[in-house]
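**Q** all I have is the shape, not the residue letters:
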Ligand code: ARG
């Protein structure tokens, strides 16, 4: 498709010298494979776009394709054979399906970044999986990607935790788990040291409302931690380990990984030089109560960015400024994406503005990709108040729902547990990807773990169905649908064995086959859209379109029918194989596995 685009663009450039040629993808394959909207150029030339499209349609001649004027659009439609051979060549022979030539940009993707001693909620899933998908899509497209986890392992909330631990846990239950008398309503699977910490945290916030002096207690503990007090440090290290072990379990389950886990604490010894750099840029001023601030009104930001509090301690933003400077010198990146909730928009505006003032190099390199919150039907989730939905519960529930269906409909299925986990995960992750990143989502169990309709399992089912056809076809067919390496989070572009084109493309001229080829051709654009929009929605939608197109191909074009000639059978199997590969690849970028049987 890339070569075709180039050829079309060149033909247009010749007919319209000096004009800017922007191509689109038509809405359906009936209309064509590529479209050139004539509005803009017609305006520049002072002609009518409908007439321009007509003129171009007669003027331009291309091998293998017809040119059709459709209102103000000039559409290029490949002849059926050409469409089939181009697509199958991309998917089966070249192997690197749609991946652009490596342009070698270094892209940092910072995501997940949970806070220590808090539990992973469904809210964290968004940052984690959107970030994972952005990292994967950028790697797929040839960028050098660093996946960063900016753990929330520093800040006043640790004062709260330390104080709460000293108050209520140290004497009765110092190890946090041994011999603890859990309340009956706490389910078995939740009874962990991390959950104890979480309970302590919630309790502290509840009681502090009645006893304001407790705030000072927490502050004092954070101060001790900052000053390097041995006890505070020891507890902090321990709390951090407890949390990391739990986070790791979740990352393993989700199949995500990071190249660096430098949390906020990592920047502690880099804060002084960061503040120095701000001072050297002559933008540090004294604000209220002796705080050190940077005014940003000239950049349209009314709230100044605080660098140091009146008592000389750092804040969240200070650590982000230090992290920016560190990342510049460590990675010399072209772009850095911060996948963080929309409630932090102002924070990132401030941090980016400060960094840009300190060093113009940063300008245009930093992007906050905010996402909407997941709310509960009864309102906002709040860790402090303890009304949250835990991610593990959602994944477990999704798996259980799938298992129940398998037990009923397909009790003989081998590895039912594993398939249920894969499909449950598919449901949850696909739902997350399909939703517009920026909008808030209201969480309901029905939506989050839905298995019917426009869901991950629908796409996964299409893949499993193809694999079953390939198995029935015998020979190497099914084997060719499998990656040539074991997949883990280090893999973005899945390697498949190169397969020769079928000797004949007979059997693919049917409209349903042509439509499937057209939808397959849309996948590379959808992956580029993920990179361009920093959002997975386009990819999720394209996979649904491919799965739907496959379903109609499957109904309309018999594949293993005894009456089919060998040529028809072979070309249709090749299209099945190409589709299976595309679906597996697309799902994989979103962190979703494609089962072979379900
Ligand atoms: N730990 C923060 C939170 O859970 C998110 C960190 C976002 N990244 C950053 N560079 N500030 O709210």
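**A** Structure received. Here the structure is a predicted model, which means the values were calculated and not measured.
**Q** spatially nearest residue to residue 477 (excluding sequence neighbours)?
**A** Leaving aside its chain neighbours, residue 477 sits nearest to residue 470 (4.0 Å; criterion: CB to CB, 6 or more residues apart in numbering). (Each C-beta comes from the backbone N, C-alpha and C, glycine too.)
**Q** and the one you found, what element?
**A** Counting by DSSP states H and E, the secondary-structure element that holds residue 470 is helix 456-473.
**Q** do the same with residue 446
**A** Following DSSP H and E, the helix or strand that holds residue 446 is helix 445-448.
**Q** summarise which helices and strands that helix is packed against.
**A** Using 3 or more CB pairs under 8 Å, 6 or more residues apart in numbering; DSSP states H and E as the contact test, the elements touching helix 445-448 are helix 391-409, helix 416-434.
**Q** need the contact partners of it.
**A** Outside of helix 445-448, the residues within contact range by CB atoms under 8 Å, 6 or more residues apart in numbering are 122, 394, 397-398, 427-428, 431.
**Q** now that helix: mean pLDDT?
**A** When pLDDT is averaged along helix 445-448, the result is 80.
**Q** now do that helix: distance to the chain's middle.
**A** Helix 445-448 has its C-alpha centroid displaced from the chain centroid by 20 Å (CA atoms, centre = their mean, to the nearest Å).
**Q** okay, now the unreliable bits of the stretch 151-300 of the chain?
**A** Applying pLDDT under 70 to the stretch 151-300 of the chain picks out residues 178.
**Q** cool, and the stretch 351-500 of the chain?
**A** Low-confidence segments of the stretch 351-500 of the chain, defined by pLDDT under 70: 383-386.
**Q** sorry, back to before: list the buried residues of the helix holding residue 446.
**A** For helix 445-448, the neighbour count (16 or more other CB atoms under 10 Å) marks residue 448 as buried.
**Q** and for stretch 238-258?
**A** In stretch 238-258, counting by 16+ other CB under 10 Å, buried: 239-240, 242-244, 246-247, 250-251, 254-256, 258.
**Q** now do stretch 71-86
**A** The neighbour-count criterion (16+ other CB under 10 Å) identifies 72-78, 80, 82-86 as the buried residues of stretch 71-86.
**Q** cool, and stretch 434-448?
**A** 434-435, 437, 441, 443, 448.
**Q** quick one on the thing from earlier: go through the contacts of helix 445-448 and name the one nearest the ligand.
**A** Set against the ligand, the nearest of these by CB to the nearest ligand atom is residue 122 (13.6 Å).
**Q** up against the ligand, what does the protein have?
**A** Selection of the chain residues close to the ligand by CB under 6 Å from any ligand atom yields 110, 113-115, 150, 152, 320, 338, 340.
**Q** what about the residue nearest to residue 477, distance to residue 297?
**A** Applying CB to CB, to the nearest Å, the value for residue 470 to residue 297 is 63 Å.
**Q** just residue 512 next, same as before
**A** Relative to residue 297, residue 512 is positioned 60 Å away (CB to CB).
**Q** ok, now which ones touch residue 325?
**A** 270, 273-274, 277, 355, 358-359.
**Q** those in helices, which ones?
**A** Among the contacts of residue 325, the members found in helices (DSSP state H) are 273-274, 277, 355, 358.
**Q** for the residues of the chain next to the ligand, point out the one with the lowest pLDDT.
**A** For the residues of the chain next to the ligand, the least confidently modelled position is residue 115, at 91, judged by pLDDT.
**Q** what backbone torsions are found at residue 521?
**A** Dihedral angles phi and psi of residue 521 (degrees, to the nearest 10) take the values phi -70, psi -20.
**Q** so it touches residue 32, yeah?
**A** No: applying CB atoms under 8 Å as the test, residue 521 and residue 32 come out as separate, 11.1 Å apart.
**Q** need the buried residues of stretch 71-86 in CSV (columns: distance to residue 526 and secondary structure).
**A** Rendered in CSV, the data for the buried residues of stretch 71-86 read as follows (distance: CB to CB, whole Å; DSSP: H, G, I helix; E, B strand; the rest coil):
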residue, distance to residue 526, secondary structure
72, 25, coil
73, 21, strand
74, 23, strand
75, 20, strand
76, 20, strand
77, 20, strand
78, 19, strand
80, 23, helix
82, 22, helix
83, 18, helix
84, 20, helix
85, 22, helix
86, 18, helix
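**Q** check those residues and tell me the two furthest apart.
**A** Across the buried residues of stretch 71-86, the longest distance by CB to CB is 30.5 Å; it joins 72 and 85.
**Q** circling back: so between residue 512 and residue 297, which is more surrounded?
**A** More neighbours sit around residue 512 than around the other of residue 512 and residue 297, counting by other CB atoms under 10 Å; the figures are 17 against 9.
**Q** which residues are in contact with the helix or strand harbouring the more buried one?
**A** Here residue 512, judged by DSSP H and E, is contained in helix 511-521. Outside of helix 511-521, the residues within contact range by CB under 8 Å, 6+ apart are 1, 28-30, 33, 80, 83-84, 87, 91, 507-508, 542, 545-546, 548-550, 552-553, 555-557, 572, 575, 578-579, 582.
**Q** moving C-terminal from that helix, which element do we reach first?
**A** For helix 511-521, the succeeding helix or strand toward the C-terminus, using DSSP H and E, is helix 523-533.
**Q** and the angle for that following helix with helix 416-434?
**A** Orientation note: helix 523-533 sits at an angle of 60 degrees relative to helix 416-434 (axes from the mean of the first three to the mean of the last three CA atoms, to 10 degrees).
**Q** residue in the stretch 301-450 of the chain nearest to the ligand?
**A** Checking the stretch 301-450 of the chain residue by residue against the ligand with CB to the nearest ligand atom singles out residue 340 as nearest, at 4.3 Å.
**Q** just to be sure, that residue is in a strand?
**A** No: when the secondary structure is assigned by DSSP: H, G, I helix; E, B strand; the rest coil, residue 340 falls in coil instead of a strand.
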